[in-house]
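Student: below are the sequence and a predicted model; questions follow.
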Amino acid sequence: MGTAIASLASTAAFAEESFPRIDIVVPVELQNDYAFDSDVRASELNDTFLTIEPEISFRLSENFSIEAGLVFEPIKGATDDRFLEDQGLFVEQLFLSYQGEGFGLKAGKFNPAFGVAWDKAPGIYGVDFAEDYELTERIGLGGDVTFGTEAAGEHTVSVATFFADTSILSQSFLNSRGETRRGSGGLSNTEDFSSFSVSLDSESVPALGGLGYTLGIAQQDGGVGTREDETSYVAGVFGSFEVADGITLEPIIEYVYQDNDAGTIADQDYFTIGNAVLVGPWNVSLSYTARNTDANVAGTTDVEDELFQVSAGYAFENGLTADLGYRFSEEASVDTHILGVLFTYELEASLY
């Protein structure tokens with residue numbers, strides 16, 4: 001392989017025909033959260049941190065590639081004011097991929113498909129609760145088939161069978177988060193293919209007015225010492241609509257129900273609703289998520305958490321975006337108010 005490095009924008013036509021090659025995308029986020037008011041005084045703190053998520057595609061041929069996803073972020077929650085501390089680097093995904101005509105296969109460490117609110121909920125804080133049920137860092141086998149017509153829209157069925165990563169890749173570097181062991185227990189920590197997910201998705205369906213949707217189920221067997229197996233269900237719709245010249249709405253609604261949440265006898269559900277309004281380079285977003293836990297134990301009080309956020313931002317011509325947001329949450333009867341600012345930038349390159 002040569003060592004030439006080129007901008008994807010300036011060499012796209014050549015790069016798309018060149019194999020082998022390496023495509024690199026590096027999203028960079030710098031965020032500051034100021035928890036200025038909380039029922040728990042220790043939670044009132046200022047936290048500045050980086051999130052960098054390089055995505056590296058080693059394109060071996062038109063069909064085969066090795067996909068890698070790295071994450072550099074804080075590996076533990078803040079307990080005091082901190083500035084770029086506790087940052088760790090780990091491998092979130094590393095798998096072999098085959099992409100054919102209308103179908104794909106993968107094997108290795110990847111994130112099985114389940115839900116979209118953890119990615120699509122708008123604003124600085126819209127994804128915070130939904131990230132609870134995102135499936136990440138699983139070792140397994142997966143496949144997807146895409147079908148449909150221009151009139152009916154394209155629909156993708158994704159299937160995966162997996163277990164939690166207990167290899168050396170479960171560690172983090174620079175600051176250690178420890179290595180996951182089978183004896184640690186937890187969902188899908190079984191080192192066999194007894195856990196699975198099935199998802200049906202579309203980005204746009206003409207019959208639904210251009211709305212996209214997600215439907216899915218995930219079954220995660222409990223590992224050592226985990227009392228129950230967890231079964232999760234998701235249904236959601238989302239879209240992007242230009243309602244006037246230069247004005248776009250991006251709504252989302254998603255509901256998730258988890259039977260035997262986290263391998264306990266408790267049941268939990270999530271309801272996320274949000275909308276972003278894009279006006280030229282400006283954006284404004286609102287979102288709300290309710291997270292309810294039914295303990296299923298006589299004499300135990302159920303838990304009703306909620307998260308509301310509002311944020312606004314501007315996208316500069318050089319690709320930098322800046323957003324300012326407010327987050328209110330009630331978690332385990334503790335109210336917390338946060339003001340935040342987020343700067344994002346994305347780098348792209350190809351090596352061929």
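Tutor: Noted; the coordinates are in hand.
Student: please count neighbours and contacts with C-alpha atoms only from this point.
Tutor: Noted.
Student: which helix or strand contains residue 330?
Tutor: strand 321-331 (DSSP states H and E).
Student: and that strand, C-alpha only, in CSV?
Tutor: Extracted C-alpha coordinates of strand 321-331, given in CSV (Å, rounded to 0.1, in the frame of the first residue of the first chain):
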residue,chain,number,x,y,z
THR,A,321,-20.2,23.4,15.6
ALA,A,322,-20.9,25.0,19.0
ASP,A,323,-23.9,24.2,21.1
LEU,A,324,-25.2,25.5,24.5
GLY,A,325,-27.7,23.4,26.5
TYR,A,326,-29.6,23.0,29.7
ARG,A,327,-30.4,19.6,31.3
PHE,A,328,-32.8,18.9,34.2
SER,A,329,-33.0,15.3,35.5
GLU,A,330,-34.7,13.6,38.4
GLU,A,331,-33.0,10.3,39.1
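Student: quick check: which element contains residue 200?
Tutor: Going by DSSP H and E, residue 200 is in strand 195-205.
Student: that strand: what's the following helix or strand?
Tutor: strand 211-220.
Student: can you give the strand pairings for that next one, parallel or anti for each?
Tutor: strand 195-205 (antiparallel), strand 230-238 (antiparallel) (DSSP bridges).
Student: run the chain-centre distance for the last one.
Tutor: Spelled out, it's strand 230-238. 14 Å (Cα atoms, centre = their mean, to the nearest Å).
Student: ok, then the element right after it?
Tutor: strand 241-244.
Student: packing partners of that following strand?
Tutor: strand 247-259 (3 or more Cα pairs under 8 Å, 6 or more residues apart in numbering; DSSP states H and E).
Student: between the strand it packs on and strand 230-238, what angle do the directions make?
Tutor: 160 degrees (axes from the mean of the first three to the mean of the last three Cα atoms, to 10 degrees).
Student: average model confidence for strand 247-259?
Tutor: In this model, strand 247-259 has an average pLDDT of 97.
Student: list the buried residues in stretch 90-110.
Tutor: 90-98, 104-110 (16 or more other Cα atoms under 10 Å).
Student: what average pLDDT does stretch 140-148 get?
Tutor: 97.
Student: please apply the same query to stretch 197-207.
Tutor: On average, stretch 197-207 scores 95.
Student: any idea how far residue 151 is from the residue lying farthest from the centre of the chain?
Tutor: Largest separation from the mean C-alpha position in the chain: residue 299, at 35.6 Å (Cα atoms, centre = their mean). Distance, residue 299 to residue 151, using Cα to Cα, to the nearest Å: 54 Å.
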